[in-house]
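A.B. asks: Sharing a model prediction with you, sequence too.
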Amino acid sequence: MAFQKTFKALSDPTRRAILDLLKDGARTAGDIASHFDMTAATVSHHLSVLRGAGLISDDKRGKYIYYELNMSVLDEIAGWIAGLKGGSG
């Protein structure tokens with residue numbers, strides 16, 4: 001199981017905040033950026049890291065790109081952690 005990129009992506013508080021925003025559904029980069037006091041380029045970098053780790057996916061709809069959580073990766077991580085807890089008896 002290769003979680004290195006995933007955990008590196010999760011180590012940043014801004015990226016965790018982005019994931020928290022996406023739990024309510026897909027959002028555009030502009031909408032995501034409006035929640036942070038940083039440049040669009042910085043938000044784009046965070047989105048790229050999250051996408052590279054498989055935590056989010058993107059979908060082009062017309063002239064906008066929507067980002068959303070990749071639940072299969074999140075489920076895999078949660079299952080792995082639950083397995084660790086199960087072994088402690």
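C.D. replies: Everything's here; your move. A quick note: this is a predicted structure, and the numbers were derived from the prediction, not measured. Numbers count the residues shown, from 1 in each chain.

A.B. asks: Which SSE is immediately downstream of the helix or strand that His45 is a member of?
C.D. replies: Per DSSP states H and E: His45 is located in helix 40-52. Following helix 40-52 in sequence order, the next helix or strand is strand 56-61 (DSSP H and E).

A.B. asks: Quickly run through the sheet partners of the next helix-or-strand element following that next one, with directions.
C.D. replies: Using DSSP H and E, the helix or strand that follows strand 56-61 in sequence is strand 64-69. Strand 64-69 sits in its sheet next to strand 27-28 (antiparallel), strand 56-61 (antiparallel), going by DSSP bridges.

A.B. asks: Tell me which residues touch the nearest residue in space to Ala53 that is not next to it in sequence, please.
C.D. replies: Once flanking residues are discounted, Ala53 sits nearest to Ala9: 3.8 Å by Cβ to Cβ, 6 or more residues apart in numbering. (Each C-beta comes from the backbone N, C-alpha and C, glycine too.) If you count contacts by Cβ atoms under 8 Å, 6 or more residues apart in numbering, Ala9 has them with 15, 49-50, 52-53, 55.

A.B. asks: Likewise for Ala26?
C.D. replies: Contacts of Ala26 (Cβ under 8 Å, 6+ apart): 59, 66-68.

A.B. asks: Can you give me the buried ones in the host helix or strand of Arg15?
C.D. replies: Applying DSSP H and E as the criterion places Arg15 in helix 13-22. For helix 13-22, burial by neighbour count (16 or more other Cβ atoms under 10 Å) applies to 15, 18-19, 21-22.

A.B. asks: Equivalent analysis for stretch 52-61, please.
C.D. replies: Per 16+ other Cβ under 10 Å, stretch 52-61 contains these buried residues: 53-58.
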